[in-house]
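Asks: Fold the following for me, if possible:
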Amino acid sequence: MRSLSIQSGKILASSLFGTLMIAGLWFFGFYSINELRVSFGPKALLFIVMDLITAGVTVAGALYLLFGSAADISPRPLRRAAQRIAAILDVPIVSFGHSHDEEVWRLERPSGGKGWYCNTGTWIAVFTHDVLIPRERVQYTFLRIRDDQADLLHWSPGRGEPMKVILLDEGDPLV
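Replies: Down below sits the predicted model:
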């Protein structure tokens with residue numbers, strides 16, 4: 001609950017800051033145009049151009065916030081962090097969660113042994129209308145660790161037992 005209120009506060013603060021910046025720039029432009037010693041026609045044209053630019057910047061900013069890539073969590077920073085942890089601690093398994101994508105990735109260890117990064121994803125509903133991935137809408141993933149082996153599994157209510165999570169290959173591991 002606390003992290004939700006922190007995120008809400010950040011969104012509110014950044015929205016307020018953006019609004020104040022746009023309003024401040026608009027008033028600066030308004031004052032500057034008003035101080036010009038020209039007739040009504042050129043001033044009116046400059047006001048129209050300034051308003052169109054302000055509206056365009058506002059719409060572009062809103063579209064970026066709504067549809068920008070910031071909402072997409074790239075797995076690469078988590079992979080790099082897992083690789084650093086494996087390099088420092090020389091552990092066989094590094095596990096994270098909350099990226100909403102289950103993942104298993106090979107890690108390099110200083111001792112030369114096998115190392116794996118496992119991301120358990122999320123237990124909340126995942127909406128994938130435009131992407132075909134082999135998963136349930138809500139998939140209860142978990143990591144089963146035995147000795148130095150880790151299995152990324154999900155609970156199958158229909159079968160009453162865990163099943164391996166189907167993962168898609170994504171290419172170069174440490175890019």
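Asks: Spit out the contact partners of Met163.
Replies: Met163 makes contacts with 153-156, as judged by CB atoms under 8 Å, 6 or more residues apart in numbering. Using the backbone N, CA and C atoms, a C-beta is placed for each residue, glycine as well.
Asks: Take those residues and, keeping just the buried ones, write it as a PyMOL select command.
Replies: PyMOL command restricting the contacts of Met163 to the buried ones, with burial defined by 16 or more other CB atoms under 10 Å:
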select buried, resi 153+154
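Asks: Make JSON lines out of the contacts of Met163 and add pLDDT.
Replies: Compiled in JSON lines, the contacts of Met163 are given as follows (pLDDT from 0 to 100):
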{"residue": "Leu153", "pLDDT": "87"}
{"residue": "His154", "pLDDT": "83"}
{"residue": "Trp155", "pLDDT": "84"}
{"residue": "Ser156", "pLDDT": "83"}
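Asks: Format the contacts of Met163 as TSV; extra columns: distance to Tyr117.
Replies: As requested, the contacts of Met163 are exported to TSV (distance: CB to CB, whole Å):
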residue	distance to Tyr117
Leu153	16
His154	18
Trp155	22
Ser156	24
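Asks: Filter the contacts of Met163 down to the ones in helices?
Replies: Using DSSP state H, no member of the contacts of Met163 falls within helices.
Asks: was I right about Thr58 contacting Ala23?
Replies: No - the criterion here is CB atoms under 8 Å, and Thr58 misses it with Ala23 at 10.1 Å.
Asks: Which residue of the two possesses the greater neighbour count?
Replies: The neighbour count for Thr58 versus Ala23, taken as other CB atoms under 10 Å, is higher for Thr58 (14 against 11).
Asks: And that one, how far from Leu12?
Replies: Remark: distance between Thr58 and Leu12 (CB to CB, to the nearest Å) = 17 Å.
Asks: give me the element Trp26 is part of.
Replies: Trp26 is part of helix 2-35 when elements are defined by DSSP states H and E.
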